[in-house]
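Novice: got a sequence here, can you model it:
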Amino acid sequence: MLRNYSVRTDLALEEKERFESDDVEIQGVVLNERYDEEREMRLTRVEIRTENGAKAMGKPVGLYLTLETPNLALPDEENRREVAEELCRCIRELIGRHRKEEKDGLSVLVAGLGNREVTPDALGPYVADHLAVNRHVVKEYGKYAMNMEHAPVISAVVPGVMGQTGMESAEIIRGIVRETNPDLVIAVDALAARNSRRLNRTIQIADTGIHPGSGVGNHRCGMTEESLGVPVIGIGVPTVVDAATIVNDTMENFIRALESSESFKGVGEVLRSYNAGEKYEFVKELIAPHLNGMFVTPKDVDEMIRQISHTISEAINMLVTQA
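Specialist: Residues are numbered from 1 along each chain as shown. Modelled structure (predicted):
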């Protein structure tokens, strides 16, 4: 494999798939999968248990839950409710790994990360818009007066991006955490995917925090338990892929077409002999310099983001309504 092979992806599932495609088994990384055929919903658990596994995957030790459904962005109330309920169960599971729910419930700060002015990056702010925040009500009247003694206290913030505020999002969130003392932070952000078929069809929930901009090479300060002082659950949806990924996927389809052709079968077999890393680097060299570094999103991303943000906010609101 080429040394500089680096797939643009924020999804732990895709990192694990990359090693599987090269027939490499990673010690300390466990993958389990459950598929609901009736609801067309797949839940994959990637658990990184050791530091060696974390180094190989390029991601911190922790649990990564990936929920996939082709209906994620569809404007269907029943389907949205089903996805939201499954997502809420995933969030509860990750909360339970770090903190047992106490009699008085939890205090949760939701951080809607991203740039509201750039649609593929507006997922976090849109989710924050639809949250049923209640911290101000509890502070005014108390949990018992509102019959919310077992429900989490929810607050939300949209910190913007550095180009708008001149500050790292992590700096803003860290200051709010110190002032309001939440028990945990849920950070929602747009991600980058390796496979175009996962665009706006996948939700990753992880208990390792989140690193804004990492998928598009715009590395910012991470929001983790170490940096904020409280557990951080990251929720992300891939909304973009880089141009090299799209060309690489096209190349894979082209190779399969060549292999099925009697005239060009030999050419297809030669190209198939390259591993995933070599093919990806070859594609990057072909499209440079004009398309290298370009990221692509679906043409109807605005409607997709609206639908998905409603689903995620509904799942977080269920933490309160189903307490």
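Novice: which residues does Glu51 contact?
Specialist: 28, 61 (CB atoms under 8 Å, 6 or more residues apart in numbering). Just so you know, the C-beta spots here come from the backbone N, C-alpha and C atoms, and that holds for glycine as well.
Novice: from Pro60, how far off is it?
Specialist: Noted for Glu51: a distance of 9 Å to Pro60, by CB to CB, to the nearest Å.
Novice: same deal with Asp302?
Specialist: Per CB to CB, Asp302 is found 32 Å from Pro60.
Novice: which one's more surrounded, these two?
Specialist: Pro60 (19 against 12; other CB atoms under 10 Å).
Novice: dihedrals phi and psi, the spatially closest residue to Val230 that is not a sequence neighbour?
Specialist: Spatially, and ignoring its direct neighbours in sequence, Val230 is nearest to Leu184 (5.3 Å; CB to CB, 6 or more residues apart in numbering). Per-residue torsions, Leu184: phi -160, psi 160 (degrees, to the nearest 10).
Novice: now for Leu184, how many residues are close by?
Specialist: Residue crowding around Leu184 was assessed by other CB under 10 Å; the count is 22.
Novice: beta partners of it?
Specialist: On the basis of DSSP bridges, Leu184 is bridged to Val108.
Novice: I figured Asp10 hits Ala206, correct?
Specialist: No: if you go by CB atoms under 8 Å, Asp10 and Ala206 don't touch, sitting 9.5 Å apart.
Novice: point to the residue nearest the middle of the chain.
Specialist: Nearest to the geometric centre of the chain sits Gly236, at 2.6 Å (CA atoms, centre = their mean).
Novice: quick check: that residue is in a strand.
Specialist: Yes: assessed with DSSP: H, G, I helix; E, B strand; the rest coil, Gly236 lies in a strand.
Novice: list the contacts for it?
Specialist: For Gly236, counting by CB under 8 Å, 6+ apart, the contacting residues are 10, 123, 188-191, 203-204, 210.
Novice: what's around the residue found closest to it once you drop the neighbours it is linked to in the chain, how many residues?
Specialist: With CB to CB, 6+ apart as the criterion, Gly236 has its nearest non-adjacent residue at 4.0 Å, and that residue is Leu191. By the criterion of other CB under 10 Å, Leu191 has 24 neighbours.
Novice: list the buried residues for stretch 298-310?
Specialist: By 16 or more other CB atoms under 10 Å, the buried positions in stretch 298-310 come out as 298, 301, 304-310.
Novice: and Tyr35, which of the three is it?
Specialist: The three-state label given to Tyr35 by three-state DSSP is strand.
Novice: checking the residue located most distally from the centre of the chain next. Helix, strand or coil?
Specialist: The centre of the chain is farthest from one residue, Ser263, which by CA atoms, centre = their mean lies 43.0 Å away. At Ser263, secondary structure determined by three-state DSSP is coil.
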